[in-house]
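J.: Compute the structure for the input listed below.
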Amino acid sequence: MIQISNSDKDIPKALSYWFIVHFIIDISLALPLFFFPEQTLELFGWEQIDVLLARVVAAALFGIGIESLIGRNTSLDGFKNMLNLKIIWSLTASAGIAWSMIAGAQGRPLMGWLVLATFVIFHFIWWYWRIRVGKLLNSSDS
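T.: As a prediction, the model looks like this:
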């Protein structure tokens, strides 16, 4: 079982739980994409498959997902820094996926729209938590 033990009493446990959820989702996508890129992307409806790029995407998912797990018990400043990264990642991924899907990439498979929706949802989740952490940091400075 994954343990959550925030040393800083001001860190909401729900934020740590979101980091664990993010880890599970990222790793669940990264593993098949890394080890079985052709089969995974065919299952998702991709028409053209670039295994090198698929594995680079998997590597990004591994990195951000594993750091979510490692960083789930960090300080408020640590959460702030990770949330900044997650906001940038989810925004640029959302923009790139949306642009590609609108342009007709891969025949616009349903899975592409679901991946886009996932990134957009996480973008708003991370903004919500970044604002809360910012308020907690500001209140602890007083």
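J.: buried stuff in the helix or strand containing residue 128?
T.: Secondary structure assignment for residue 128, by DSSP states H and E: helix 110-141. By neighbour count, with 16 or more other C-beta atoms under 10 Å as the criterion, the buried positions of helix 110-141 are 112, 115-116, 118-120, 122-123, 125-126, 129-130, 132-133, 136. (C-beta placed from N, C-alpha, C; glycine too.)
J.: gap between it and the chain center?
T.: Helix 110-141 has its C-alpha centroid displaced from the chain centroid by 10 Å (C-alpha atoms, centre = their mean, to the nearest Å).
J.: name the helices or strands packed onto it?
T.: Judged by 3 or more C-beta pairs under 8 Å, 6 or more residues apart in numbering; DSSP states H and E, helix 110-141 is in contact with helix 13-35, helix 76-102.
J.: Mind doing that once more with 6 Å?
T.: Using 3 or more C-beta pairs under 6 Å, 6 or more residues apart in numbering; DSSP states H and E as the contact test, the elements touching helix 110-141 are helix 76-102.
J.: Tell me how far the most centrally placed residue in the chain lies from residue 87.
T.: The geometric centre of the chain, computed from its C-alpha atoms, lies nearest to residue 22 (C-alpha atoms, centre = their mean), at 5.6 Å. Distance from residue 22 to residue 87, counting by C-beta to C-beta, to the nearest Å: 13 Å.
J.: sorry, back to before: how about the residue nearest to the centre of the chain: what's its closest non-neighbour residue?
T.: With C-beta to C-beta, 6 or more residues apart in numbering as the criterion, residue 22 has its nearest non-adjacent residue at 4.4 Å, and that residue is residue 68.
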